[in-house]
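Participant: sequence? don't have it. structure:
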Ligand code: AMP
């Protein structure tokens with residue numbers, strides 16, 4: 001199964017991506033996470049993307065598309081994948097279609113998780129993440145033991161771009177301007193599956209499984 005998932009920041013994409021990956025046995029690939037790890041590891045990619053990520057701006061398409069094309073060519077993606085945070089605009093969606101036409105298997109569905117802006121903002125300001133394994137938490141649902149990640153023992157913190165108010169506003173504005181048009185793009189292809197992202201992670205996941213039929 002080949003899926004993409006999009007929605008505004010705070011819609012719960014990362015949390016749901018982990019569940020979808022587990023249930024359907026496909027790799028969840030988050031471009032944001034790839035960039036954050038590269039920045040943390042001070043790699044060449046990290047140096048290239050740092051200024052964009054810290055300002056809440058999109059990394060240039062050419063670079064992002066190259067990263068995704070290399071990642072989905074890996075062995076663990078042979079049976080499918082879930083792309084979280086890619087595509088972020090129509091040019092990236094077209095590039096993904098081209099990449100998949102090369103391997104003769106297109107997307108099965110494009111999931112969009114929808115939440116009212118006030119819900120998204122409340123989730124974002126309380127969001128915490130393990131920088132070592134990427135697992136998401138919230139101040140209302142912390143790890144069991146004093147901000148130590150339940151999965152890997154890493155030290156759970158707030159994301160830099162969540163606590164920077166200017167970066168956060170920029171990310172939301174970029175979503176409305178550039179990513180929302182993907183609704184129409186995938187609707188026209190008959191691939192769009194809209195899911196209500198309010199409620200608990202379990203409730204949202206049940207809706208996703210139903211939407212995927
Ligand atoms: P995310 O974790 O998806 O919120 O992404 C964090 C940041 O990584 C974004 O604000 C962008 O700077 C960058 N980023 C992630 N995915 C993409 C993408 N598909 N295209 C361009 N930039 C991206």
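Facilitator: Thanks, I have the structure now. Here the structure is a predicted model, which is why all the values come from computation and not from measurement.
Participant: Grab the nearest non-local neighbour of the closest residue to the ligand within the chain.
Facilitator: The chain approaches the ligand most closely through residue 32 (2.0 Å), counting by CB to the nearest ligand atom. For the C-beta atoms, the positions are set from N, CA and C on the backbone; glycine is no exception. For residue 32, ignoring the flanking residues on the chain, the nearest one in space by CB to CB, 6 or more residues apart in numbering is residue 85 at 4.7 Å.
Participant: Contacts only, for that neighbour.
Facilitator: Contact partners of residue 85, counting by CB atoms under 8 Å, 6 or more residues apart in numbering, are 6, 13, 30-33.
Participant: Over to residue 64?
Facilitator: Per CB under 8 Å, 6+ apart, neighbours of residue 64: 31, 58, 86, 88, 92.
Participant: If you rank those residues by neighbours, which is first?
Facilitator: residue 86 (24 neighbours; other CB atoms under 10 Å).
Participant: partners of residue 127 in the sheet?
Facilitator: For residue 127, the beta-bridge partners under DSSP bridges are residue 138.
Participant: That one: neighbouring residues, count only.
Facilitator: For residue 127, using other CB under 10 Å, the count is 20.
Participant: Report the separation between the nearest residue in space to residue 45 that is not next to it in sequence and residue 94.
Facilitator: Among residues not flanking residue 45 along the chain, residue 38 sits closest, at 4.1 Å (CB to CB, 6+ apart). Distance, residue 38 to residue 94, by CB to CB, to the nearest Å: 25 Å.
Participant: With neighbour numbers in mind, choose between these two.
Facilitator: Applying other CB under 10 Å to residue 38 and residue 94 shows that residue 38 carries more neighbours, namely 19 against 14.
Participant: looking at it, residue 5 is touching residue 17, isn't it?
Facilitator: Yes: here residue 5 reaches residue 17: they are 5.9 Å apart, a contact under CB atoms under 8 Å.
Participant: Look up how far residue 111 lies from residue 204.
Facilitator: When residue 204 is compared with residue 111 (using CB to CB), they lie 11 Å apart.
Participant: Which of the two has more residues huddled nearby?
Facilitator: Neighbour comparison, residue 204 and residue 111: the larger count goes to residue 111, with 25 against 20 (by other CB under 10 Å).
Participant: so the more buried one bridges to which residues?
Facilitator: Residues in beta-bridge contact with residue 111 (DSSP bridges): residue 5, residue 193.
Participant: contacting residues around it?
Facilitator: Going by CB under 8 Å, 6+ apart, the list of residues near residue 111 reads 3-6, 193, 195, 208, 211-212.
Participant: So residue 195 belongs to a helix, correct?
Facilitator: No: per DSSP: H, G, I helix; E, B strand; the rest coil, residue 195 lies outside any helix segment and is strand.
Participant: So which bits of this protein are right by the ligand?
Facilitator: Applying CB under 6 Å from any ligand atom, we find that the chain lies next to the ligand at 9, 31-32, 35, 52-53, 56-59, 64, 85-86, 88, 92, 171.
Participant: got the contact list for residue 208?
Facilitator: For residue 208, the contacting residues are 16, 19-20, 111, 113, 195, by CB under 8 Å, 6+ apart.
Participant: Of these, grab the buried ones for ChimeraX.
Facilitator: This is the ChimeraX syntax for the buried subset of the contacts of residue 208, where burial follows 16 or more other CB atoms under 10 Å:
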select :16,19,20,111,113,195
